[in-house]
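In: Provided below are the primary sequence and the corresponding predicted coordinates.
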Amino acid sequence: MLSISIAWWQEGIPPGSLERLQAVSYFYEHFYRNVQEQGLSTRSLRYRIAADSFDRMSLSGFSEIVFAGFFALTRAEKALFQKTCGNGACVPVFS
């Protein structure tokens, strides 16, 4: 069953591109594993943690929250914006 779904996913992808995609995937998997093993973090990991724990946070002490300096949003950034801006106290500033 897995080989069928992989074959469907690979259909139309040139062989050279497929190998490069697999290499990038391998790199990211190992990179993030090493980052966590060393007790480090990346901006994307911090955004993900913030988005995942947002419901346990209290922002009631803030009348306005400004998000500035973003260009293309990651999934975690979008989640933070949606959760924060849902109450109308958010001011997004995009560059």
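Out: The structure has been received and is ready for your questions.
In: could you point out the longest helix of this protein?
Out: For the chain, the longest helix by residue count, based on DSSP state H, is helix 15-37.
In: list the buried residues in the very next helix or strand once past that helix.
Out: Elements were assigned by DSSP states H and E; along the chain past helix 15-37, the next helix or strand is helix 43-52. Along helix 43-52, the positions that meet the burial threshold by neighbour count (16 or more other Cβ atoms under 10 Å) are 47, 48, 50, 51. C-beta here means a position set from N, CA and C on the backbone, and glycine is covered the same way.
In: secondary structure element holding the nearest residue to the second one once chain neighbours are set aside?
Out: The spatial neighbour of residue 48 that comes closest, neighbours along the chain excluded (Cβ to Cβ, 6 or more residues apart in numbering), is residue 76 at 4.3 Å. Residue 76 belongs to helix 75-85 when assigned by DSSP H and E.
In: so which elements touch that helix?
Out: If you count contacts as 3 or more Cβ pairs under 8 Å, 6 or more residues apart in numbering; DSSP states H and E, helix 75-85 packs onto helix 43-52, strand 65-70, strand 90-94.
In: CA atoms only: put the last one into PDB for me.
Out: Read that as strand 90-94. What follows is strand 90-94, C-alpha atoms only, in PDB (Å, rounded to 0.1, in the frame of the first residue of the first chain):
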ATOM      1  CA  CYS A  90      -3.600  42.800  17.000                       C
ATOM      2  CA  VAL A  91      -1.800  45.200  14.600                       C
ATOM      3  CA  PRO A  92       0.000  43.300  11.900                       C
ATOM      4  CA  VAL A  93       2.700  45.200  10.000                       C
ATOM      5  CA  PHE A  94       4.100  43.400   7.000                       C
END
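In: count of neighbours near the residue nearest to residue 48?
Out: One way to gauge burial is a neighbour count; for residue 76, by other Cβ atoms under 10 Å, it gives 18.
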